[in-house]
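Colleague: Got a sequence here, can you model it:
(2 chains)
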Amino acid sequence: MKRLLYGLLLVSFLGGLTLAQGFTVVDQVGREVSLPVIPQRVICTYGVITWYLYALGVQDRLVLGSYIGLKPDTPFWALLETIDPKLPHKAYRGKPTVEEILARDPDLVLGSEVKDLELAAALEEVGIPTLLFFAETPEGIKGALSLLGKVFGVEGRAARLISYFDEKTREIAASIPSGIEKPKVLFVGTDPLRVASGEMYQSAMIELAGGRSVTRGIPGYWQSVNIEQVLLWNPDVVFIAPYGRVTPEDILGDPLWADIGAVRSGRVYKLPRVLAPWDIPTPESFLGIVWMALKLHPDLSLDLGVEAKRFYREFYGLELPQEVLADILR
Amino acid sequence: MRSRISIALFLLPIGLLFLYLTVGRYKVGFQGVVGALVGSHDLPPTARAVVLKVRLPRGLEAAVVGADLALAGALFQGMFRNPLVDSRILGVSAGAAFGAALAILWGLPWYLVDAVAFAFGLGAVWLVLFLSRRFGGSILVLVISGVLVGSLFSALLGLIKYVADPLGVLPAITYWLLGGLSGARWSDMALLLPLSLLGGGVLFLSRWRVNLLSLDEREALSLGVNVRRCRAGYVLLGTLLVAAAVSKAGIIGWVGLITPHAARALVGPDHARVIPASAALGASFLLLLDAIARGSMRTEIPLGVLTGIIGVPVFLLLFMRLLQGRGGWG
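Modeller: A predicted model of the protein is given here:
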């Protein structure tokens, strides 16, 4: 036992020697940040980026994180706990304050370009390196992955995730005949008349999946529309965000929607989720794109079940339970 | 002259409602609207549905909500002898907003969200009345209690927004609070119409008494009116109107503040005339603005934003001069 302990100490000492030299990275805002060592105690205040640490298999380094779209007492929480038993101790609701961050003694903080500029400045004062991310576009996601790969020394895994995205989107684009008109798609959120703008990641997913977002050109975040505008758009397919209370039945059973193409053909679907919702810009959204592509082009030669099983096994170390798989494939 | 103004005020919302029906994203046209209203069968079913099931209930809802808010504003301005008072003075809106947020947080179905909002609006004013009676019952105490209770509920609302899940629940709360009538349909009238008819009807029939309420307490007593009891009754009446409007359309500012002034500028300070004139102007104002809100862009412009941006300068220009001509307020 004692020998084992000494051995471990020696290994960590030697490891520390090689890592202690540190290195400099440029974050997604263009800030140059020098990291003294490979970080071991990480805090993530950007609810999207927290999920990336799981895809890269470095969730053990996370000591405190904000998780977008995750609540306790849900099947998603329970599933995440199977690959991260310490989840209840690190999941933070809302946004941690500077003092709470300091109390956890982190050696790296990951934040959001939009919301955490002030936090980063405050942490800089006390000598804690902070990286800011902007991961709301396909390019942003890839950039965040390769940056995190470098930071945590898992470049290979990050590169595999990026090439998974590139391969799948290329495959989808290649197998859609160029002559056909792409199906018009509406993406709704927490209310059937609350729709994802053209600038949101959801619209980018639709385009990558071989559809045409009807909100193309509409700026901003979630936007309210009225049913007349939906009638004008006349979408061929309606996707519903995985969170919120809207169900396909709400839309299919509504007489005011009855004349809309998607309702006539019954093509109203709610996105699935496994860990994070599949429309949030995390690596899991790559499967969201595959799922969308199969709903938009049912003849595609992609097998979502096979893809999902492989994806979660390879990147999350997670064997998908049968009922989760059935949920995805419904 | 006086009766001509009355007739014009009576006809104004009716004319605007017809105009309202011809505006919208979906092209129906003037003849289509007439055809739908007289039950012509030459019309495509979608155009018919747009006029009769989308625009008509929404237009009526806009008119009723506008009238409710204006009536409550006129009543409260008269009662409190204060030109800066509006329908939110007694904490009704804040209470209703808190109730709605709570109901959304609990995951209640939508029709219950509105009911809970209504109940909390009434509850807030009950608390105000209780406090004001406890501390002497003067108008000053009543107003201070209203401001305090309103602030308390606003703070509690802030707390709910802070703890709410930012993906599913928070957007739903924000959506509700933003207000607007984008999802209006006939079933909404089930609560709104009877409450508004009751509140508005009683107020209309007893409108002359509001003049007495704006008198000094001793003066009123010498005329044989128990001001305190009377005031409590009118507070409840106004509350009923505001709570009905807010629980259906969210928080819409400015209507309750400005339309009574406009009414006074047109018909003079006598509440027997100000009250019906306010209702007509409030209904017209909201009909006009909601037509802009739903017809001008692909996405809806929040009504509360429009009432401020368009309402304030228009009423300033139109009525400040008139008010000055008549020798000021009251």
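Colleague: what's whatever residue of the stretch 51-200 of chain B ends up closest to chain A in contact with, if anything?
Modeller: The stretch 51-200 of chain B approaches chain A most closely through B:G168 (3.8 Å), counting by C-beta to the nearest C-beta. C-beta: built from backbone N, CA, C; applies to glycine. By C-beta atoms under 8 Å, 6 or more residues apart in numbering or on different chains, the contact set of B:G168 is A:69, A:190, A:243-245.
Colleague: ok, 10 Å please
Modeller: Contacts for B:G168 (C-beta atoms under 10 Å, 6 or more residues apart in numbering or on different chains) come out as A:69, A:71, A:189-190, A:241-245, A:277, B:104, B:107.
Colleague: Out of these, grab the one that's most surrounded.
Modeller: Highest neighbour count within these, by other C-beta atoms under 10 Å in any protein chain shown: B:I104, with 27 neighbours.
Colleague: what is the rounded mean pLDDT of the helix or strand containing it?
Modeller: Using DSSP states H and E, B:I104 maps to helix B:92-106. The average pLDDT within helix B:92-106 is 94.
Colleague: Please identify the buried residues of that helix?
Modeller: Using 16 or more other C-beta atoms under 10 Å in any protein chain shown as the test for burial, helix B:92-106 gives B:92-105.
Colleague: send the alpha carbons of it over as PDB?
Modeller: What follows is helix B:92-106, C-alpha atoms only, in PDB (Å, rounded to 0.1, in the frame of the first residue of the first chain):
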ATOM      1  CA  VAL B  92     -52.400  44.200  -9.500                       C
ATOM      2  CA  SER B  93     -50.000  43.800 -12.400                       C
ATOM      3  CA  ALA B  94     -47.100  42.900 -10.300                       C
ATOM      4  CA  GLY B  95     -49.200  40.400  -8.400                       C
ATOM      5  CA  ALA B  96     -50.500  38.900 -11.600                       C
ATOM      6  CA  ALA B  97     -47.100  38.700 -13.100                       C
ATOM      7  CA  PHE B  98     -45.700  36.900 -10.100                       C
ATOM      8  CA  GLY B  99     -48.700  34.500 -10.100                       C
ATOM      9  CA  ALA B 100     -48.200  33.700 -13.800                       C
ATOM     10  CA  ALA B 101     -44.400  33.100 -13.300                       C
ATOM     11  CA  LEU B 102     -45.200  30.800 -10.300                       C
ATOM     12  CA  ALA B 103     -47.700  28.800 -12.300                       C
ATOM     13  CA  ILE B 104     -45.300  28.400 -15.200                       C
ATOM     14  CA  LEU B 105     -42.600  27.300 -12.800                       C
ATOM     15  CA  TRP B 106     -45.000  24.700 -11.300                       C
END
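Colleague: quick one: whatever helix or strand comes next after it to helix B:92-106, angle?
Modeller: Sequence-wise, the next helix or strand downstream of helix B:92-106 (DSSP H and E) is helix B:110-134. Angle between the axes of helix B:110-134 and helix B:92-106 is 140 degrees (criterion: axes from the mean of the first three to the mean of the last three C-alpha atoms, to 10 degrees).
Colleague: counting contacts, what elements does helix B:110-134 pack onto?
Modeller: For helix B:110-134, the elements it packs on are helix B:92-106, helix B:139-163, helix B:169-178, helix B:189-205, helix B:227-249, judged by 3 or more C-beta pairs under 10 Å, 6 or more residues apart in numbering or on different chains; DSSP states H and E.
Colleague: related to what we said a few turns ago, do the helix holding B:I104 and chain A meet?
Modeller: Yes - remark: helix B:92-106 sits within contact range of chain A at B:I104, by C-beta under 10 Å from any C-beta of the partner chain.
Colleague: Quick check: pLDDT value at the residue nearest to B:V267 when sequence neighbours are not counted.
Modeller: Spatially, and ignoring its direct neighbours in sequence, B:V267 is nearest to B:R273 (4.2 Å; C-beta to C-beta, 6 or more residues apart in numbering or on different chains). pLDDT recorded at B:R273 is 93.
Colleague: what residues are up against the spatially most central residue of chain A?
Modeller: Centroid check for chain A by C-alpha atoms, centre = their mean gives A:T282 as the closest residue, at 1.5 Å. For A:T282, the contacting residues are A:47-52, A:54-55, A:68-69, A:135, A:141, A:144-145, A:201, A:275-276, A:288, by C-beta under 10 Å, 6+ apart.
Colleague: Tell me where the chain is predicted with low confidence.
Modeller: No chain was given, so I picked chain A. Counting by pLDDT under 70, the ranges of chain A that qualify are A:1-21.
Colleague: Sorry, I should have been clearer: chain B.
Modeller: Short version for chain B, where the test is pLDDT under 70: B:1-2, B:315, B:318-319, B:321-323, B:325-330.
Colleague: wait, B:L131 sits on B:G146?
Modeller: Yes - in this structure, B:L131 is within contact of B:G146 by C-beta atoms under 10 Å, at 9.0 Å.
Colleague: Neighbour count: these two, which is higher?
Modeller: Set B:L131 next to B:G146 and count neighbours by other C-beta under 10 Å: B:G146 wins out with 27 against 16.
Colleague: returning to that earlier point: the helix holding B:I104 - contacts with which helices or strands?
Modeller: helix B:110-134, helix B:139-163, helix B:169-178, helix B:227-249.
Colleague: Give me whichever of the ones you listed is most buried.
Modeller: helix B:227-249 (a mean of 24; mean count of other C-beta atoms under 10 Å in any protein chain shown).
Colleague: The helix or strand following that one: how far from the chain's middle?
Modeller: Downstream of helix B:227-249, the first helix or strand assigned by DSSP H and E is helix B:255-267. Distance of helix B:255-267 from the chain centroid (C-alpha atoms, centre = their mean, to the nearest Å) equals 13 Å.
Colleague: next one: stretch A:220-240
Modeller: 24 Å.
Colleague: Using PDB, list the CA coordinates for it.
Modeller: What follows is stretch A:220-240, C-alpha atoms only, in PDB (Å, rounded to 0.1, in the frame of the first residue of the first chain):
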ATOM      1  CA  GLY A 220     -32.100  37.900 -32.900                       C
ATOM      2  CA  TYR A 221     -33.100  35.100 -30.500                       C
ATOM      3  CA  TRP A 222     -36.400  33.400 -30.000                       C
ATOM      4  CA  GLN A 223     -39.100  35.500 -31.800                       C
ATOM      5  CA  SER A 224     -42.800  35.700 -31.400                       C
ATOM      6  CA  VAL A 225     -44.800  35.300 -34.600                       C
ATOM      7  CA  ASN A 226     -48.500  34.900 -35.300                       C
ATOM      8  CA  ILE A 227     -50.300  32.100 -37.000                       C
ATOM      9  CA  GLU A 228     -50.800  34.200 -40.200                       C
ATOM     10  CA  GLN A 229     -47.100  34.400 -40.700                       C
ATOM     11  CA  VAL A 230     -46.800  30.600 -40.200                       C
ATOM     12  CA  LEU A 231     -49.600  30.100 -42.800                       C
ATOM     13  CA  LEU A 232     -47.500  32.300 -45.200                       C
ATOM     14  CA  TRP A 233     -44.400  30.300 -44.500                       C
ATOM     15  CA  ASN A 234     -46.300  27.100 -44.800                       C
ATOM     16  CA  PRO A 235     -43.500  24.900 -43.500                       C
ATOM     17  CA  ASP A 236     -43.200  21.300 -44.800                       C
ATOM     18  CA  VAL A 237     -41.800  20.200 -41.400                       C
ATOM     19  CA  VAL A 238     -42.000  21.500 -37.900                       C
ATOM     20  CA  PHE A 239     -39.400  20.700 -35.300                       C
ATOM     21  CA  ILE A 240     -40.100  21.300 -31.600                       C
END
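Colleague: and it, is it in reach of chain B?
Modeller: Yes - contact of stretch A:220-240 with chain B (C-beta under 10 Å from any C-beta) involves A:220-234.
Colleague: Write out the residues of the stretch 201-330 of chain A neighbouring chain B.
Modeller: Taking C-beta under 10 Å from any C-beta as the contact definition, the stretch 201-330 of chain A meets chain B at A:214-215, A:217-234, A:241-246, A:254-256, A:258-260, A:276-277, A:279-280.
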